[in-house]
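>>> Provided below for reference: sequence and predicted model.
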Amino acid sequence: MIINNKNHNLFLSFSIIILILYLGKDLLIPFFFSVFLFIILKSLSSKLSEKKISNTSLPYNLSFLIVTILLIFIFYLIWIMIENNLSNVIASSDEYQNNLLEIYSKIKESKLKSLPFSYNEFVKELNFTKIFSNALNLLTSLASYFSLILLYLIFFILEENFFKIKILKLFKKNSAKNIFEKIRTEIFGYFQIKTLTSLLTGILTFLLLFLFNSDFAILFGLLAFILNFIPFLGSLISVLLPFLFSLVQFLDFFQALMILIFSVIIQILIGNIIEPKLMGRSLNLSPLVMLLTLGLMGKLWGISGMFLSIPILVILLICFNNFQSTKKIAILLSEKGEIN
């Protein structure tokens, strides 16, 4: 009976958490982004303030201001680049639509017309002008998310000292300090390595598409940078999208195939060789748990949930590992059942 009650309470708690995550996603998504952004800003600011130039170092507050302004400028620059590229692509969308119709006519003449879906319906639904216009509208709507993230960030900065006092009073001083220091260090380490490898992926993808004269070089380069933060699925999308859109743009299967092959090589080089060497086992997360969390967060929060899934898992692992009552959960989340 006790076991049944425990299972019932566990199931009920899990259901309530899922319901809160789903119903509160419009507030929770920017909240979590602001939390991780705040951790990154603090870590970068600390590193900058520790650097000495002519035996002098910048004050922490000035370092924080410089890093914040620089990061906002980078986000704004990326937003402008994507917007301009999408606007240029929209202007050529009629040409892509005609190319798609030509591909459709070739398929009708081939033996592939027996495949189990309607090409006619597919071509009608796939309107490039509508797709790129919706993408541009989505980009504009994300500006409101960014405004909310900045608002949360301001409150984090204002209440940082009071928040520390509250946490230290709720928990044992050493335990609380240990948890938050680990969260700060590991989240920053994760984003630092991921940003480096994602930047490398984005640059190589851009150069590849630029060399092939793709109209989508900037867009897919930036998309490859963003999607690299999403485990498993991000790499697959980064490879398939340039291939499919290159096929429509050039009407040349061999050229599109070459783009696909080189895109796969880039993903293997960075995802399977460079990134594991840089990251090592610092996350200590079970691949199965990562995959399940990725799917669950993707279902609840879409692309944002996929992006946030791994950092949230890192925080949960650290927190569960630092309390005796939840160490068993930390063992389940870990890669090989080994936790410090």
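All right, it came through fine. Residues are numbered from 1 along each chain as shown.
>>> low pLDDT regions in this protein?
1-10, 107-144, 164, 167-168, 170-177, 184, 279-283, 322, 338-340 (pLDDT under 70).
>>> ok, residue 300 to residue 161 distance?
Distance from residue 300 to residue 161, counting by Cβ to Cβ, to the nearest Å: 33 Å. C-beta here means a position set from N, CA and C on the backbone, and glycine is covered the same way.
>>> can you tell me the helix or strand for residue 98?
Element membership for residue 98 (DSSP states H and E) is helix 93-109.
>>> Point out the other elements, helices or strands, that that helix touches.
Applying 3 or more Cβ pairs under 8 Å, 6 or more residues apart in numbering; DSSP states H and E, one finds that helix 93-109 makes contact with helix 119-125, helix 128-170, helix 233-250.
>>> what element comes up after the longest one heading to the C-terminus?
Proceeding N to C from helix 128-170, the next assigned helix or strand is helix 173-211, under DSSP H and E.
>>> which other helices and strands contact that next one?
On a contact count with 3+ Cβ pairs under 8 Å, 6+ apart, helix 173-211 meets helix 25-50, helix 128-170, helix 217-227, helix 233-250, helix 253-268, helix 275-279, helix 287-321.
>>> Now do it and helix 25-50, the angle between them.
Between helix 173-211 and helix 25-50, the angle comes out at 100 degrees (axes from the mean of the first three to the mean of the last three Cα atoms, to 10 degrees).
>>> Which positions in helix 173-211 come out as buried?
Neighbour counts over helix 173-211 (16 or more other Cβ atoms under 10 Å) mark 176, 179-180, 182-184, 186-194, 197-198, 200-202, 204-206, 208-209 as buried.
>>> now it and helix 233-250, what's the angle there?
20 degrees.
>>> Show me how far helix 173-211 is from its chain's centre.
Relative to its chain's centre, helix 173-211 lies at 10 Å (Cα atoms, centre = their mean, to the nearest Å).
>>> just stretch 72-84 next, same as before
On the basis of Cα atoms, centre = their mean, stretch 72-84 sits 17 Å off its chain's mean C-alpha point.
>>> Going forward, the N-terminal residue is numbered 156.
New numbering, starting at 156: the last item is stretch 227-239.
>>> List the buried residues for that stretch?
Neighbour-count burial for stretch 227-239, counted by 16+ other Cβ under 10 Å, picks out 234, 237.
>>> which ones are touching the residue most central in space within the chain?
By Cα atoms, centre = their mean, the chain has its centre lying nearest to residue 462, at 3.1 Å. Counting by Cβ atoms under 8 Å, 6 or more residues apart in numbering, residue 462 touches 381, 384-385.
>>> Between those, identify the one with the most neighbours.
Neighbour counts for the contacts of residue 462 peak at residue 385, which has 22 neighbours (criterion: other Cβ atoms under 10 Å).
>>> Backbone dihedrals for that one, both of them.
phi -100, psi 110 (degrees, to the nearest 10).
>>> before we move on, what about residue 386?
Per degrees, to the nearest 10, the backbone of residue 386 is at phi -60, psi 150.
>>> My guess is residue 459 contacts residue 181. True?
No. When contacts are counted by Cβ atoms under 8 Å, residue 459 is not listed as touching residue 181 (10.5 Å).
>>> who's more crowded, those two?
The residue with more neighbours, out of residue 459 and residue 181, is residue 459; 19 against 12, by other Cβ under 10 Å.
>>> Which residue comes closest to that one once chain neighbours are left out?
Spatial nearest neighbour of residue 459, excluding adjacent residues (Cβ to Cβ, 6 or more residues apart in numbering): residue 184 at 4.8 Å.
>>> what's around that neighbour, how many residues?
Using other Cβ under 10 Å, the number of residues around residue 184 comes to 21.
>>> just residue 413 next, same as before
Residues near residue 413, counting by other Cβ under 10 Å, number 15.
>>> what residues are up against it?
Neighbours of residue 413 in contact, by Cβ under 8 Å, 6+ apart: residue 367.
>>> And for residue 233?
Shown in contact with residue 233 (Cβ under 8 Å, 6+ apart): residue 377.
>>> what's the distance between it and residue 169?
Residue 233 sits 37 Å away from residue 169, going by Cβ to Cβ.
>>> repeat for residue 239
According to Cβ to Cβ, residue 239 stands 45 Å off from residue 169.
>>> Distance of the nearest residue to residue 380 once chain neighbours are set aside relative to residue 372?
Closest residue to residue 380 apart from its sequence neighbours, by Cβ to Cβ, 6+ apart: residue 357 at 3.1 Å. Separation of residue 357 from residue 372 (Cβ to Cβ): 11 Å.
>>> Residue 219 too?
Computed as Cβ to Cβ, the residue 219 to residue 372 distance reads 35 Å.
>>> Residue 213 too?
Relative to residue 372, residue 213 is positioned 37 Å away (Cβ to Cβ).
>>> ok, back up a step: what angle sits between the helix holding residue 253 and helix 388-405?
Using the same axes, to 10 degrees: helix 248-264 against helix 388-405 is 90 degrees.
>>> Go through helix 248-264 and flag the buried ones.
Under the neighbour-count criterion of 16+ other Cβ under 10 Å, helix 248-264 has 248, 251-252, 254-255, 258-259 buried.
>>> got the phi/psi numbers for residue 210?
In terms of degrees, to the nearest 10, the main-chain angles of residue 210 are phi 60, psi 20.
>>> my guess is residue 440 contacts residue 489, does it?
Yes. Here residue 440 lies in contact with residue 489, judged by Cβ under 8 Å, at a distance of 7.0 Å.
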